[in-house]
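**Student:** Pasting the sequence and the predicted model now:
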Amino acid sequence: MKILVLHGPNLNMLGTRNPDVYGSTTLGELNDGLKNRFSNHDFEFFQSNVEGELINRIQAAITDGTEAIIANFGGFTHTSVALRDALEPINFPKVEVHISNIHAREEYREKSITGEVMNGIITGFGVHSYALGIQAAELLTPDFE
């Protein structure tokens with residue numbers, strides 16, 4: 001399966017930004033760990049702090065052979081109607097993931113605008129949320145065995 005992993009704003013700061021909330025794993029370590037754990041899949045990792053760049057990458061995924069999207073949109077999760085609209089027409093598995101439990105944090109973080117058009121949301125398992133997201137995408141794939 002060709003999996004696009006999208007990392008939104010501030011995820012480039014993993015390992016140094018609020019390690020008590022997000023842990024000490026860096027973005028590079030997270031990506032490498034996913035490639036090693038799920039070596040049967042082809043991965044593309046894309047991180048941007050810019051909403052429009054994330055939208056452009058989502059739209060490109062519609063025709064580039066991407067078979068699943070795993071996405072952590074960071075703060076855009078709670079604010080971006082534009083990302084939600086870009087995701088809506090995609091008909092292959094798409095799973096939203098969050099390192100922290102968005103329901104155990106500030107009230108404004110509890111609502112996921114982007115999650116409304118995803119197959120599901122995995123939240124609160126640290127960087128393991130990404131692996132769980134990949135497993136969920138596998139289960140949503142018709143030919144998964």
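**Tutor:** Nice, I can see it. Everything quoted here is computed from the prediction, not taken from an experiment.

**Student:** Quick check: H103 is in a helix.
**Tutor:** Yes. Using DSSP: H, G, I helix; E, B strand; the rest coil, the assignment for H103 is a helix.

**Student:** OK, contacts around it?
**Tutor:** By CB atoms under 8 Å, 6 or more residues apart in numbering, the contact list for H103 reads 110, 123-124. Backbone N, C-alpha and C define where each C-beta goes, glycine included.

**Student:** Of those residues, which is the most crowded?
**Tutor:** Using other CB atoms under 10 Å as the neighbour criterion, T123 leads the contacts of H103 with 21 neighbours.

**Student:** Neighbours of the nearest residue in space to that residue that is not next to it in sequence, how many?
**Tutor:** Nearest residue to T123 in three dimensions, chain neighbours excluded: H98, at 4.0 Å (CB to CB, 6 or more residues apart in numbering). Residues lying near H98 (other CB under 10 Å) number 26.

**Student:** and what of G52?
**Tutor:** 11.

**Student:** Check whether it sits in a helix, strand or coil.
**Tutor:** Under three-state DSSP, G52 falls in the helix class.

**Student:** where does the chain dip in pLDDT?
**Tutor:** Low-confidence segments of the chain (pLDDT under 70): 18-19, 21-23, 104, 106, 108, 143-145.

**Student:** Show me the helices in it, by range?
**Tutor:** Assigned by DSSP state H, the helices in the chain fall at 19-22, 27-37, 51-61, 81-87, 128-140.
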